[in-house]
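Asks: Quick one, what's the 3D model for this:
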Amino acid sequence: MDSRKIFDGREGEASFIKTVQKPGIDGGQKAALNRKGNVLLSEGDVEAARRIFLTTGYSDGLARVGDHYKSQGRVLDALRMYWVAPDKTKAEGIIKDLSGIIKNLIQENRVEEK
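Replies: The predicted structure is shown next:
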């Protein structure tokens with residue numbers, strides 16, 4: 001099954017496909033791309049920086065993109081970046097918060113059913 005077909009028609013949902021296949025770039029190219037991503041991020045072009053960091057697998061850059069998303073209230077997008085980074089500490093904080101919300105919703109639903 002072609003995993004890309006799963007995302008057909010969902011272009012506006014900001015999803016991404018994580019694969020284990022690395023792009024064919026050498027260390028020098030990766031460093032240059034990461035520098036470019038850092039410049040784009042500092043200039044406010046977060047989406048372009050995100051694409052670069054996803055391509056190169058630059059963990060620190062991905063975590064900083066996650067921080068930006070979190071500061072904008074885009075918690076699920078932040079979680080995605082932390083998960084890919086991987087920055088488990090930051091991801092766990094969001095997961096804990098979301099778990100609490102789900103727990104409260106379940107409890108409220110049980111009270112309403114009684």
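
Asks: Please name every helix or strand in contact with the helix or strand that contains residue 95.
Replies: Here residue 95 sits within helix 88-113, counting by DSSP states H and E. Here helix 88-113 touches helix 59-71, helix 75-84, going by 3 or more C-beta pairs under 8 Å, 6 or more residues apart in numbering; DSSP states H and E. C-beta: built from backbone N, CA, C; applies to glycine.

Asks: Could you check the angle the first one makes with helix 88-113?
Replies: It stands for helix 59-71. Counting by axes from the mean of the first three to the mean of the last three C-alpha atoms, to 10 degrees, helix 59-71 lies at 30 degrees to helix 88-113.

Asks: Show me the residue at the heart of this structure, geometrically.
Replies: Centroid-nearest residue in the chain, with C-alpha atoms, centre = their mean: residue 81, separated by 2.2 Å.

Asks: Now do that residue against residue 50, distance only.
Replies: Residue 81 is 7 Å from residue 50, where distance means C-beta to C-beta, to the nearest Å.

Asks: any residues in contact with both of these two?
Replies: Taking C-beta atoms under 8 Å, 6 or more residues apart in numbering as the criterion, residue 81 and residue 50 both touch 62, 65.

Asks: ok so, going back, check what pLDDT the residue nearest to the residue nearest to the centre of the chain when sequence neighbours are not counted gets.
Replies: Distances taken as C-beta to C-beta, 6 or more residues apart in numbering put residue 66 closest to residue 81, at 3.3 Å, once the chain neighbours are dropped. Confidence at residue 66, expressed as pLDDT, is 97.

Asks: looking at it, residue 66 is touching residue 76, isn't it?
Replies: No: Residue 66 is beyond contact range of residue 76, at 10.6 Å (criterion: C-beta atoms under 8 Å).

Asks: Dump the C-alpha coordinates for the host helix or strand of residue 38 into PDB.
Replies: Residue 38 belongs to helix 27-43 when assigned by DSSP H and E. Extracted C-alpha coordinates of helix 27-43, given in PDB (Å, rounded to 0.1, in the frame of the first residue of the first chain):
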ATOM      1  CA  GLY A  27      27.300  16.300   6.300                       C
ATOM      2  CA  GLY A  28      28.200  19.600   4.700                       C
ATOM      3  CA  GLN A  29      24.900  19.900   2.900                       C
ATOM      4  CA  LYS A  30      23.000  19.000   6.100                       C
ATOM      5  CA  ALA A  31      24.900  21.600   8.000                       C
ATOM      6  CA  ALA A  32      24.200  24.200   5.400                       C
ATOM      7  CA  LEU A  33      20.500  23.300   5.300                       C
ATOM      8  CA  ASN A  34      20.300  23.500   9.100                       C
ATOM      9  CA  ARG A  35      21.900  26.900   9.100                       C
ATOM     10  CA  LYS A  36      19.400  28.100   6.500                       C
ATOM     11  CA  GLY A  37      16.600  26.600   8.600                       C
ATOM     12  CA  ASN A  38      17.900  28.500  11.600                       C
ATOM     13  CA  VAL A  39      17.900  31.700   9.700                       C
ATOM     14  CA  LEU A  40      14.400  31.100   8.400                       C
ATOM     15  CA  LEU A  41      13.100  30.300  11.900                       C
ATOM     16  CA  SER A  42      14.700  33.500  13.300                       C
ATOM     17  CA  GLU A  43      13.100  35.500  10.500                       C
END
